[in-house]
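Sharing a model that was predicted from the sequence below.
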Amino acid sequence: MLPSQIISELQTLVTTSRQGIDALYDAEIALAEAENELDKTEAKAFLGADGTVAERQYIAKYKSADARLARDVARAAVNRVRTKIRVLEGEVMAQATISKLVQAEMKL
């Protein structure tokens with residue numbers, strides 16, 4: 001691998017990592033909004049239900065199932081972005097190692 005290829009790959013990884021930071025922020029905002037919607041939906045369903053506390057809790061849980069699913073999907077998106085950022089960090093370290101090896105090889 002040529003030094004110019006290593007530099008190019010590192011620049012690409014750094015750019016992608018920066019985009020990952022923005023993607024993580026957006027995903028965390030979406031998660032917060034989904035959690036807020038779930039809380040409101042569940043509370044509204046609980047307050048509007050009749051029966052014992054246990055019955056009202058089950059009714060509220062049932063009526064807020066779609067909001068819970070949206071929250072879970074948003075949480076999965078956050079986890080995916082975090083995982084992708086960790087992978088990118090690993091790739092940057094691997095490229096740095098390759099760079100050092102190429103540099104050592106060039107000295108020989």
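Sure, I can see it. Numbers count the residues shown, from 1 in each chain.

which other helices and strands contact the lengthiest helix in the chain?
The longest helix of the chain (DSSP state H) is helix 3-48. Contacts defined by 3 or more Cβ pairs under 8 Å, 6 or more residues apart in numbering; DSSP states H and E place helix 3-48 against helix 53-63, helix 65-107. All C-beta atoms are positioned from the backbone trio N, CA, C, and that covers glycine.

Point out the other helices and strands that the last one packs with.
Read that as helix 65-107. Using 3+ Cβ pairs under 8 Å, 6+ apart: helix 65-107 touches helix 3-48.

just the angle between the helix it packs on and helix 53-63, please?
140 degrees (axes from the mean of the first three to the mean of the last three Cα atoms, to 10 degrees).

and the angle from helix 3-48 to helix 65-107?
Going by the same axes, to 10 degrees, helix 3-48 makes 170 degrees with helix 65-107.

Check the average confidence over helix 3-48, would you?
Mean pLDDT, computed over helix 3-48, is 93.

Run the chain-centre distance for it.
Distance, stretch centre to chain centre, for helix 3-48: 5 Å (Cα atoms, centre = their mean, to the nearest Å).
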